[in-house]
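Q: dropping the sequence and predicted coords here.
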Amino acid sequence: MNFFSSSLRKGQAVRVLSIIAVLFIVASVSRYQGSFEFSIDEDGEVETVPKEATEHDIFYTHHIASFDPKDIKPWTKGDTEALRTPEGQQVVKFLTDSPFQRPSADNENKSDLLKDDHFSVLTKGLRVYRALWQSMKSYYDQLAEDSRQDQFYLTPPTEIAPAIDLLQKLEQATFPWILDRRTTSYDLFQEYQDGGRGIVMCVGNHYTKYARTALKTLREVVKSQLPVEIYYVGDGDLSPENRAWFEQFENVETIDITTVIDNNMLSLGGWAIKPFAMLISRFSEVVLMDSDAYFLDDPNVLFDDEGYKETGTVFFYDRTLFPGAGAGKKNWLKSFLPTMSNHPAKTRWFGLKGDHEMESGVVVIDKQRHFLGLLAICKMNDYFERTQITYKQVWGDKETFWIALEMIQESYSFIRFRGGVIGNVGDAIPYKEVLPQDEVDRYLNGETLTETNPINPSTHEQVHRKSANMDRVCGNQLHFDYKGRPIWWNSGVVRDKFTEHSPYLKYTAYMMDEDGEWEFGSSCLVQRNPSAIMELEWDQRQTAFEVLRVDREVAVEFNQPTFKEVLRIPELIRTDGAKGGNGNTESV
């Protein structure tokens, strides 16, 4: 490819080819190797974790995504000079041109459809933006010292003017919803430099019944003092009564996200609000948690996680569902990621072992280290991207966190243990049968079949049949800290939150995903080998029952059985544990 006919322009050609090399990284084979491969067993199973973890154990307890340094291109003066050429301006046009297909006579609305190669061009643009943003930050900081940051795009020095112009065009094309209230993305970055640590939740009226329990658990059960921001989308999303209830707690604030970001461009709702709430939050370091996520410890401990210290993120794996799936996701990633970290090769997608990777019920991010990555995450959840591409490929926002960091080339960390289950050994609760609630309560409370106080034989038979399946744990989805100890679960506090009259779980046992096979429809994990079922430690079981107490208080307060069932809490008996109540996490 030769743009130049005169030897006088050879120097210019070198500069242009240099910027093209930066902007169009077209490696045909992604580099999966990294400096941390020694800790990863080939079949992806979890290795033995030392009981006393140190900083040297991090690559046994975590999956750390690392990039080949040769794949990360810094911005140079030569790149800026190349932008002054016609060829350089062609590159600018390529990166900032409209992402939509042109309308045609056959389809007047075609202009609303993203181009087929949109994510490929977006990835190139994000990587250039990252290099430019980091290179130009010192200029912004100089202006900010003199309170002249509003001049950033207006009067740049001649030597960097082309680079500043490209940065502005990339921001306008990629993140216009930031510029509605700010001059540059640096302004937003500056807003939370001293924001400290906090929790972000996104709650609408329908999920308030879970969020109230989650918040009371934070304050009353695990005694977390982290400030909390609760985001919602307009007055119709979260009622004044619900907002007032949340704000009765110290350091809890409810925020209408439409007042802090231009929602006319985004049409936020559902999953999509979560990364934008993280981005706009005043906190520098954020624990994002779903409304139905319940902690067994203060979430503040996640900031001490060694993977977080190494990369500025804590990500949790989802369950291994639908074995054999993932080929389409693998090919999709390859279609727009010219280079990757060492992580995707380890995923269940690439191994065709499952259709899900990440669980976003809890996500921890240091925004000072991952501001640009968080912008990329938000972009994957932008209106056109999520409706036409992202949510057609993955289940909501979940995979966007790590994929976006791949796109913009920022390291991240997964705790190695995949999503397990916490609940009861066997499935002795007839939660899906149409049975009188009093009979279910009587059986759960230990009453037996007698002539004077009979329990319907059908109830006893169904419960007995389910109790015989002692090769499984059934209940809620569980997640582990870096030592493999249960730390939080999601999907409610009952056997099945989608089934009416579903009773509370007893939280006697748990199992790791690596040790079993999922029965997806019943949320049970069946052990592959003896000793896979573990008993929950007594202190954690007590904590779980405190969560039940809080949940019942919330239900009584609502006093609306059609909205939230007021259930009876099962009796907490130490000897009722999975292994006789030893509470020692030994296998059953």
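A: Ah, there it is.
Q: tell me the domain ranges of this protein?
A: 15-28+69-187, 194-415, 420-576 (automatic domain parsing).
Q: start and end of the last one, how far apart?
A: Meaning domain 420-576. 21 Å (C-alpha to C-alpha, to the nearest Å).
Q: pLDDT on that domain, on average?
A: For domain 420-576, the mean pLDDT works out to 78.
Q: how about the contacts made by the closest residue to residue 543 other than its chain neighbours?
A: Leaving aside its chain neighbours, residue 543 sits nearest to residue 296 (5.2 Å; criterion: C-beta to C-beta, 6 or more residues apart in numbering). Glycine gets a C-beta too; all of them are placed from N, C-alpha and C. Neighbouring residues of residue 296 by C-beta atoms under 8 Å, 6 or more residues apart in numbering: 222, 486, 487, 488, 489, 540, 543, 544.
Q: please report how far residue 296 lies from residue 514.
A: Distance, residue 296 to residue 514, by C-beta to C-beta, to the nearest Å: 20 Å.
Q: same check on residue 87?
A: From residue 87 over to residue 514 (counting by C-beta to C-beta), the distance is 52 Å.
Q: looking at those two, which is more packed in?
A: Legend: neighbour count by other C-beta atoms under 10 Å for residue 87 and residue 514, higher for residue 87 (18 against 15).
Q: give me the secondary structure label for the more buried one.
A: Secondary structure state of residue 87, per DSSP: H, G, I helix; E, B strand; the rest coil, is helix.
Q: now do the helices in the stretch 151-300 of the chain.
A: For the stretch 151-300 of the chain, helices defined by DSSP state H, counting those that start in this stretch occupy the ranges 161-174, 176-179, 185-191, 208-216, 240-247, 263-266, 273-280.
Q: any chance of the ones you listed in a markdown table, with mean pLDDT, distance to residue 500 and mean neighbour count too?
A: As requested, the helices of the stretch 151-300 of the chain are exported to a markdown table (pLDDT from 0 to 100; distance: least, C-beta to C-beta, whole Å; neighbours: other C-beta atoms under 10 Å):
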| stretch | mean pLDDT | distance to residue 500 | mean neighbour count |
| --- | --- | --- | --- |
| helix 161-174 | 97 | 46 | 19 |
| helix 176-179 | 94 | 40 | 18 |
| helix 185-191 | 96 | 45 | 18 |
| helix 208-216 | 96 | 14 | 24 |
| helix 240-247 | 97 | 23 | 15 |
| helix 263-266 | 93 | 35 | 16 |
| helix 273-280 | 97 | 28 | 24 |
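Q: longest helix in this structure, by residue count?
A: Selection of the longest helix in the chain by residue count, based on DSSP state H, yields helix 118-145.
Q: buried residues in it?
A: Across helix 118-145, burial judged by 16 or more other C-beta atoms under 10 Å covers 118-119, 121-133, 135-136, 139-140, 143-144.
Q: any idea how far apart the tips of stretch 520-534 sit?
A: Length of stretch 520-534, first residue to last, C-alpha to C-alpha: 20 Å.
Q: which positions within it qualify as buried?
A: 522, 523, 524, 525, 526, 527, 532, 533, 534.
Q: out of these, flag the one nearest to residue 231.
A: Distance to residue 231 across the buried residues of stretch 520-534 (C-beta to C-beta) is lowest for residue 523, with 28.3 Å.
Q: for residue 506, helix, strand, or coil?
A: Under three-state DSSP, residue 506 falls in the coil class.
Q: so what's the residue count around it?
A: Per other C-beta under 10 Å, the neighbour tally for residue 506 reads 27.
Q: so what pLDDT did the residue nearest in space to the middle of the chain get?
A: With distances taken as C-alpha atoms, centre = their mean, the residue of the chain nearest its centroid is residue 360 (2.9 Å). pLDDT for residue 360: 97.
Q: same thing with residue 195?
A: 95.
Q: quick check: closest non-adjacent residue to it.
A: Setting aside the residues directly before and after it, residue 195 is nearest to residue 284 in space (C-beta to C-beta, 6+ apart), at 4.1 Å.
Q: relative to residue 503, how far out is the one you found?
A: According to C-beta to C-beta, residue 284 stands 42 Å off from residue 503.
Q: what does residue 323 give?
A: Noted for residue 323: a distance of 31 Å to residue 503, by C-beta to C-beta.
Q: so between the two, which is more surrounded?
A: Neighbours around residue 323 and residue 503, counted as other C-beta under 10 Å, are more numerous at residue 503. The numbers are 22 against 14.
Q: and the gap between the more buried one and residue 495?
A: Residue 503 sits 6 Å away from residue 495, going by C-beta to C-beta.
Q: quick one, what contacts the closest residue to residue 62 other than its chain neighbours?
A: What sits nearest to residue 62 in space, not counting adjacent residues and going by C-beta to C-beta, 6+ apart, is residue 307, at 4.0 Å. Neighbouring residues of residue 307 by C-beta under 8 Å, 6+ apart: 58, 61, 62, 64, 313, 314, 413, 414, 415, 482.
Q: on the pLDDT front, check the residue lying closest to the last one once chain neighbours are set aside for me.
A: Taking C-beta to C-beta, 6+ apart as the measure, residue 482 lies nearest to residue 61, with 4.1 Å between them; neighbours along the chain are not counted. Looking at residue 61, its pLDDT stands at 92.
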